[in-house]
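Participant: Task: produce atomic coordinates for the following.
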Amino acid sequence: MRIIIAGGGTGGHVFPAISIAEEISCRNHKDEILFVGTERGLENELLLKKNYKIEHISSKGFVGRGLFKTVGAFFYAFKGLFDSISIIRSFKPDVVLGVGGYVSGPLVLAAVLLRIPTAICEQNTVPGVTNRILGRIVNKIFTSFDSSILYFPSKKIVITGNPVRKEILNSTKNTESLSALVFGGSQGAHSLNRSVPKAFSRIENKNIFVIHQTGKKDYNYVKDLYSDNGINAQVLTFIDDMADAYGKSDLVIGRAGAGTIAEITLLGKPSILVPFPYAAHNHQLENAKILESAEAAVLIEDKDATPENLALILTKLLDEDKLNMMAANAKKLGKPEAAKDIVDELYKLAGDR
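Facilitator: Below is the predicted model:
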């Protein structure tokens with residue numbers, strides 16, 4: 001099978017793509033995989049580390065950019081469509097998969113025009129504009145949540161879950177001490193960086209180890225907060241080994257992106273979720289509500305996530321029975337076969353051709 005995987009921009013799109021590529025390579029090392037992204041996306045750094053081939057096209061977003069930038073985005077998309085046609089004609093894929101991000105639009109559309117079988121992944125409860133449009137013309141739609149059925153033709157949908165990287169899939173608890181993992185995506189989350197250390201300083205239980213990913217800008221500020229308050233914390237600008245960090249954690253505090261949701265449910269990690277308030281269509285809030293309704297997480301909106309409120313939540317959660325109950329509920333929502341199920345469908349599409 002020859003496959004193009006298009007998408008990127010953020011880890012939420014790139015990591016599922018890598019998971020799918022890993023599953024394909026494990027089945028047949030002769031299968032050829034080509035990634036298509038943009039020159040500035042996170043995909044370049046991550047994919048090059050894993051020795052995957054990547055091509056680039058022009059593409060920018062349309063939503064909330066103003067008239068001038070919207071016109072420019074249309075130009076980039078138009079150019080991206082022709083770039084995509086050229087890449088497809090050169091690589092000759094059996095199937096094309098869009099995993100999200102602006103680059104998916106032109107590439108998947110080009111594949112449809114050239115009559116190549118196509119599919120998209122929708123990681124969130126509420127799909128973005130690009131996937132809503134593509135959902136009308138692709139052959140298959142892989143979703144993470146049942147609620148996504150509301151936005152797509154039901155006959156095309158396969159509810160697979162969101163693929164998780166193999167190293168995280170194999171993560172196991174590797175410490176006996178009570179610990180918390182704090183992160184707000186690859187760049188950190190400024191509001192969490194300010195409020196979470198102060199929240200830990202307010203709770204009575206100081207026998208807790210904290211792993212906190214800050215991003216570059218807030219690193220020194222956060223490190224000093226923990227140190228000044230006598231809290232045992234490992235502060236990092238970026239966590240390279242997320243499997244190890246998850247293995248050390250009993251509680252996760254972070255945003256509610258689709259990748260985070262997939263990982264903590266798969267591993268059965270209790271969580272305090274603080275959705276990013278400016279996410280498109282407020283999809284992170286909707287993602288978090290799924291876990292809250294299952295009693296797998298505590299949801300608190302960013303505007304309410306003050307040190308005082310977070311300290312109250314932590315005080316209630318840092319109980320072994322409570323954490324175990326939430327962990328079991330989270331585990332029930334996990335879908336460990338997501339990458340396998342998606343690749344099964346991709347082989348079917350490639351075979352149909």
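
Participant: all helices of the stretch 251-353 of the chain, in order?
Facilitator: Taking DSSP state H, counting those that start in this stretch as the criterion, the stretch 251-353 of the chain carries its helices at 258-267, 283-293, 307-317, 320-332, 338-352.

Participant: Name the helix or strand of the protein that has the lowest mean pLDDT.
Facilitator: Every helix and strand of the chain was ranked by mean pLDDT, DSSP states H and E. The lowest is helix 66-91, at a mean of 78.

Participant: what's the next secondary structure element after it?
Facilitator: strand 95-98 (DSSP states H and E).

Participant: counting contacts, what elements does that following strand pack onto?
Facilitator: In terms of contacts (3 or more CB pairs under 8 Å, 6 or more residues apart in numbering; DSSP states H and E), strand 95-98 is packed against strand 2-6, helix 104-113, strand 118-122, helix 338-352. Just so you know, the C-beta spots here come from the backbone N, C-alpha and C atoms, and that holds for glycine as well.

Participant: Distance check, Ile272 against Ser144.
Facilitator: Distance of Ile272 to Ser144, computed by CB to CB, to the nearest Å: 21 Å.

Participant: Neighbour count: these two, which is higher?
Facilitator: More neighbours surround Ser144 than the other of Ile272 and Ser144, with 26 against 23 (other CB atoms under 10 Å).

Participant: Now do the same contact list for that one.
Facilitator: The contact partners of Ser144, taken as CB atoms under 8 Å, 6 or more residues apart in numbering, are 122-125, 159-162, 258, 261-262, 335, 338.

Participant: if we go to 10 Å?
Facilitator: Ser144 sits next to 16, 121-125, 159-163, 258-259, 261-262, 265, 287, 290, 335, 338 when contact means CB atoms under 10 Å, 6 or more residues apart in numbering.

Participant: about what we covered before: need the helices and strands packed on strand 95-98 in CSV (columns: distance to Ile300).
Facilitator: Below are these laid out as CSV (distance: least, CB to CB, whole Å):
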stretch, distance to Ile300
strand 2-6, 35
helix 104-113, 32
strand 118-122, 26
helix 338-352, 28
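
Participant: Next, the buried residues of stretch 145-161.
Facilitator: Using 16 or more other CB atoms under 10 Å as the test for burial, stretch 145-161 gives 145, 148, 151-152, 156-157, 160-161.

Participant: before we move on, what about stretch 228-237?
Facilitator: Neighbour-count burial for stretch 228-237, with 16+ other CB under 10 Å as criterion, is recorded at 231, 233-236.

Participant: Listing request: residues of the stretch 201-350 of the chain with sub-threshold pLDDT.
Facilitator: Counting by pLDDT under 70, the stretch 201-350 of the chain contains no low-confidence residues.
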